[in-house]
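Undergrad: sharing a model prediction with you, sequence too.
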Amino acid sequence: MISRTKKYLGDMKAGFAIALIGLLMLGGCAGVPEDPADREAYYEANDPIEPFNRAVFSFNRGLDAVFFKPIAAIYRDTVPDALRDGIQNFLNNLKSPVILANNLLQGDLQGAKVTVSRFATNTVAGFGGFGDPAGDLGAKYRGEDFGQTLAVWGLGEGPYLMLPIFGPSNPRDASGMVVASLIDPVTMWADNTDRNAIPIGRIIVRGLDERSRFIKTLDDLEKSSLDFYVTIRSLYRQLRADAIRNGASDDPIPTPSISLEEDESLLGPRAELVK
């Protein structure tokens with residue numbers, strides 16, 4: 001059973017990579033409108049495979065309506081807030097090694113210091129990470145992933161992608177997801193010890209927890225949107241741009257500096273959208 005699960009995960013990663021390449025090839029072959037106004041809107045949207053993305057979006061919404069949202073609502077209504085916050089803190093703490101790696105790859109030494117201090121403080125004084133005393137002391141959580149690192153290195157996001165189940169993305173962020181799964185210590189330990197249920201369970205709990213925190217927000221957003229697909233696309237890009245800049249400004253993203261002479265100040269936590 002374990003070997004079959006492991007083979008299934010490997011096939012999933014390979015299939016994801018092949019599908020991503022196919023989508024990019026499809027996007028490159030998509031026709032560009034001849035009308036100047038339509039052509040400008042087309043390039044601004046940066047969504048050359050929009051019909052396919054909309055189909056995936058509809059699939060995701062249907063799956064969310066019949067499965068994810070009802071379970072997330074039960075989780076939100078039955079699990080005490082303190083326990084939900086503890087679970088979120090614990091999952092954030094487990095991500096610390098990956099966040100630290102991306103801090104260093106981005107040349108963000110101040111962020112690396114905060115990540116290390118948060119992990120040490122919350123692991124020891126926060127009961128294994130279920131508490132967040134570091135955050136109470138001012139060292140707020142800020143996620144970093146390899147998609148953000150690639151952006152800091154100057155790699156463009158590429159065309160917009162709507163992934164099945166995982167939702168809004170682009171080639172840069174999707175590749176970052178794959179890299180994160182390869183360098184994550186918990187995943188590597190689970191793969192090497194035939195405990196493949198652990199990373200799968202972590203993904204499920206993380207998705208359930210985050211979905212439960214956005215039920216009302218997404219419902220209100222859907223009701224007020226003329227085109228919910230376009231709204232989600234725009235919001236995703238705004239949130240990712242803010243995460244890449246660490247909320248700093250609208251200035252161009254700088255090339256990372258490895259200099260030890262200057263540390264940048266840590267700003268607020270990254271907002272995340274799960275759909």
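TA: Everything's here; your move. Remember, predicted model here, so these are calculated numbers, not experimental data.

Undergrad: now stretch 177-184 - C-alpha only, PDB.
TA: Output in PDB follows, covering the C-alpha atoms of stretch 177-184 (Å, rounded to 0.1, in the frame of the first residue of the first chain):
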ATOM      1  CA  MET A 177       5.500  24.400  -5.500                       C
ATOM      2  CA  VAL A 178       7.400  21.500  -7.000                       C
ATOM      3  CA  VAL A 179      10.800  22.800  -5.600                       C
ATOM      4  CA  ALA A 180       9.300  23.300  -2.100                       C
ATOM      5  CA  SER A 181       8.100  19.700  -2.100                       C
ATOM      6  CA  LEU A 182      11.600  18.500  -3.000                       C
ATOM      7  CA  ILE A 183      13.500  20.500  -0.400                       C
ATOM      8  CA  ASP A 184      11.100  20.300   2.500                       C
END
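
Undergrad: and that stretch, which residues are buried?
TA: Met177, Val179, Ala180, Ser181, Asp184 (16 or more other C-beta atoms under 10 Å). In this view, the C-beta of every residue, glycine as well, is placed from N, C-alpha and C.

Undergrad: residues touching it, excluding its own?
TA: Here stretch 177-184 makes contact (C-beta atoms under 8 Å, 6 or more residues apart in numbering) with 13, 16-17, 95, 97-98, 101, 145-147, 166, 169, 187-188, 199.

Undergrad: now the buried members of those.
TA: Among the contacts of stretch 177-184, the ones that count as buried by 16+ other C-beta under 10 Å are Phe16, Lys95, Val98, Ala101, Asp145, Phe146, Gly147, Phe166, Ser169, Thr187, Pro199.

Undergrad: okay, the residues you listed in JSON lines with distance to Leu83, secondary structure and pLDDT next?
TA: Shown next, in JSON lines, are the buried ones among the contacts of stretch 177-184 (distance: C-beta to C-beta, whole Å; DSSP: H, G, I helix; E, B strand; the rest coil; pLDDT from 0 to 100):
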{"residue": "Phe16", "distance to Leu83": "33", "secondary structure": "helix", "pLDDT": "53"}
{"residue": "Lys95", "distance to Leu83": "19", "secondary structure": "coil", "pLDDT": "96"}
{"residue": "Val98", "distance to Leu83": "24", "secondary structure": "helix", "pLDDT": "96"}
{"residue": "Ala101", "distance to Leu83": "29", "secondary structure": "helix", "pLDDT": "96"}
{"residue": "Asp145", "distance to Leu83": "26", "secondary structure": "coil", "pLDDT": "95"}
{"residue": "Phe146", "distance to Leu83": "31", "secondary structure": "helix", "pLDDT": "95"}
{"residue": "Gly147", "distance to Leu83": "30", "secondary structure": "helix", "pLDDT": "95"}
{"residue": "Phe166", "distance to Leu83": "26", "secondary structure": "coil", "pLDDT": "93"}
{"residue": "Ser169", "distance to Leu83": "30", "secondary structure": "strand", "pLDDT": "96"}
{"residue": "Thr187", "distance to Leu83": "25", "secondary structure": "helix", "pLDDT": "92"}
{"residue": "Pro199", "distance to Leu83": "22", "secondary structure": "helix", "pLDDT": "92"}
